[in-house]
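Visitor: fold the following.
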Amino acid sequence: MVAIKLVGDKQIKKALPKLSDLVNRSSDPLELIAICKALKQIDSDEAINIIGRIKQKNNKIVNNYIDEIVS
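Guide: Here you go, the predicted model:
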């Protein structure tokens, strides 16, 4: 998860496809929240779309976190 944090801190847009792949494979709330944080820092249209896909996983903990960072 350190790598995910670094991607967000450095706002590495080239990593968006890899983050998207991680979203597809992960059901771990902590990992999904770390990805959301990184995507929020990157703040591109593609990053926002990936956050929307995370929200569709219907994980209550993750969705509550997304609601907090989006509002």
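Visitor: surely Leu16 and Asp45 touch.
Guide: No. Judged on CB atoms under 8 Å, Leu16 makes no contact with Asp45 at a distance of 10.2 Å. Where you see a C-beta, it was placed from the backbone N, CA and C, and this is true even at glycine.
Visitor: how about the helices of this structure, start to end?
Guide: With DSSP state H, the ranges of helices along the chain come out as 2-10, 16-25, 29-42, 45-55, 60-70.
Visitor: single out the most deeply packed of those.
Guide: helix 29-42 (a mean of 20; mean count of other CB atoms under 10 Å).
Visitor: number of residues surrounding Ile12?
Guide: If you count neighbours by other CB atoms under 10 Å, Ile12 ends up with 15.
Visitor: just the C-alpha atoms of stretch 53-61, please, in CSV.
Guide: In CSV, the C-alpha atoms belonging to stretch 53-61 read as follows (Å, rounded to 0.1, in the frame of the first residue of the first chain):
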residue,chain,number,x,y,z
ARG,A,53,-16.3,2.1,-10.0
ILE,A,54,-15.0,1.6,-6.5
LYS,A,55,-18.3,2.9,-5.1
GLN,A,56,-20.2,0.4,-7.2
LYS,A,57,-18.5,-2.5,-5.3
ASN,A,58,-21.0,-1.6,-2.5
ASN,A,59,-18.6,-1.9,0.4
LYS,A,60,-20.2,0.2,3.2
ILE,A,61,-16.9,1.2,4.8
